[in-house]
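> next comes the sequence, and after it the predicted model I'd like to discuss.
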Amino acid sequence: MFQILVIDDDTAVQELLRRTLKKQGYEVTVASNGEDGVAQAQKLRPALIICDWIMPRLTGIDVCRRVKADPDLSTTQFFLLTSLGSIADRVKGLDAGADDFISKPIELNELQARVRAGLRLHQLSRDLKIAKQDLEAELAEAAEYVQSLLPDPVTEPVSIEAKFIPSRQLGGDCFDYNWLDADYLAIYLLDVAGHGLRAALPSVAVLNLLRSRALPNIDYYKPSDVLRALNTTFQMSYQNDKYFTIWYGVYNRISRQLVYASAGHPPAVLISQSPTSTAKIQRLKTPGMPVGMFPDAPYVDNCCDVEDLSTLYIFSDGVYEIHQPDGNIWGLDPFIDLLAAYNDASANQLDQILNYIQKLNSKAVFDDDWSLLKVNFG
């Protein structure tokens, strides 16, 4: 049974509406002024409110604004009861949030028809709200699942930690690190184009495929070989036009050599800190198209020696493509400068970097997924 709240200081109008609506099978509550009406609305959360426009102290417009500002009454339909018929008055009522008008004197057939229409809209709004809540709950569960797939920090024989903040509940960034054997560590970070579920699904698929080493006839110690296999497997023409960038590296802890390849991904940054000289900063990137764009795209390896007291940073472009209030975008160069400035921070370095960039961001959330992986080789 739909609950209807009538707010009017005229007892005759109250009684007319109460009797008429009760005969239609609705549950009706009456309030004699605006203050009481707002309190009843917050208590009952009715499907429909019929409120007189002109009342002492709190007018119908004031009541309407308060009702529409309450999230708990977001699906409640609000009708203004009025003898004012000018277009300017109607515009004023609509701007305040009114959903419809009932003219005085009241014509009962019109009243009943407008009430039925308003209640249909209320029911539709409520169904949509419930569906949205169910979808958000499912997305939250999916986000928890994706988060659970990401690796935990490690401390030996190298130290690895990460920060990951999806721009929505689900993001297209993913990363992993695992030992191929006792001496070789594989590290990678990928960024699927787009956001939400359509980006998260291929991201998780790539993660599981690499983690299980299910790609056949592949040398997982050779990054370019891995990228070629991924490119063959994930052509965008078969993946809902989704492609992704990736940086993939393999570190030999005995020779302290890092072999790497990239596919359209931002460069990893290797900072070698020397006690007696300024830090050496290397940008580690190889030419290569994003995975999925072209079937025969070539990928190549490069390598570098990892000195003592070196730290490797791998990230997606969301960490530095930060829109500024002046319309410009904070870029890669200042981000690398920031990494260098915080590289010798003793604790909570990634938190400090994240806090700095959050202050730069002109919005409450990032426009893109924010992923930063730190590998400290000691």
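Sure, I can see it.
> ok, longest helix in the protein?
helix 108-149 (DSSP state H).
> give me the below-cutoff pLDDT ranges for the stretch 101-250 of the chain.
Scanning the stretch 101-250 of the chain for pLDDT under 70 picks out 169, 238-240.
> quick one: the strands in it, in order.
Assigned strands in the stretch 101-250 of the chain, in chain order: 159-165, 173-179, 184-192, 244-252 (criterion: DSSP state E, counting those that start in this stretch).
> elements contacting the third one?
What it means is strand 184-192. If contacts are counted by 3 or more CB pairs under 8 Å, 6 or more residues apart in numbering; DSSP states H and E, strand 184-192 sits against strand 173-179, helix 197-212, strand 244-252, strand 310-315, strand 370-376. C-betas here are computed from N, CA, C, even on glycine.
> one step back: what angle sits between the longest helix of the chain and strand 159-165?
170 degrees (axes from the mean of the first three to the mean of the last three CA atoms, to 10 degrees).
> quick one on the thing from earlier: could you dump the helices and strands packed on strand 184-192 to TSV with distance to V226?
Below are these laid out as TSV (distance: least, CB to CB, whole Å):
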stretch	distance to V226
strand 173-179	12
helix 197-212	7
strand 244-252	6
strand 310-315	15
strand 370-376	17
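> which of these sits closest to A131?
Checking those against A131 by CB to CB gives helix 197-212 as the closest, at 15.6 Å.
> gap between the closest one and the chain center?
18 Å (CA atoms, centre = their mean, to the nearest Å).
> buried set for that helix?
Neighbour-count burial for helix 197-212 flags R198, A199, A200, L201, P202, S203, V204, V206, L207, L210 (criterion: 16 or more other CB atoms under 10 Å).
> show residues contacting that helix.
With contact meaning CB atoms under 8 Å, 6 or more residues apart in numbering, helix 197-212 is reached by 139, 142, 146, 149, 170-174, 176, 178, 186, 188, 190, 192-193, 214-215, 226, 230, 233-234, 239-240, 242, 244, 246.
> which among those residues end up buried?
139, 142, 146, 170-174, 176, 186, 188, 190, 192-193, 215, 226, 230, 233-234, 239, 242, 244, 246.
> S224 against D301, yeah?
Yes. Using CB atoms under 8 Å, S224 is in contact with D301, at 4.6 Å.
> common neighbours of those two, please.
Shared contacts of S224 and D301 (CB under 8 Å, 6+ apart): A261, T286.
> who has more neighbours, these two?
S224 (21 against 16; other CB atoms under 10 Å).
> if we can go back for a sec, could the buried residues of helix 197-212 go into TSV alongside distance to I61?
Shown next, in TSV, are the buried residues of helix 197-212 (distance: CB to CB, whole Å):
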residue	distance to I61
R198	44
A199	45
A200	45
L201	48
P202	51
S203	50
V204	51
V206	56
L207	55
L210	61
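> biggest separation within these, which pair?
R198 and L210 (20.1 Å).
> list the contacts for the spatially most central residue of the chain?
With distances taken as CA atoms, centre = their mean, the residue of the chain nearest its centroid is R168 (1.3 Å). The contact partners of R168, by CB under 8 Å, 6+ apart, come to H195, G196.
> do you know how far it is from F234?
Going from R168 to F234 by CB to CB, to the nearest Å gives 22 Å.
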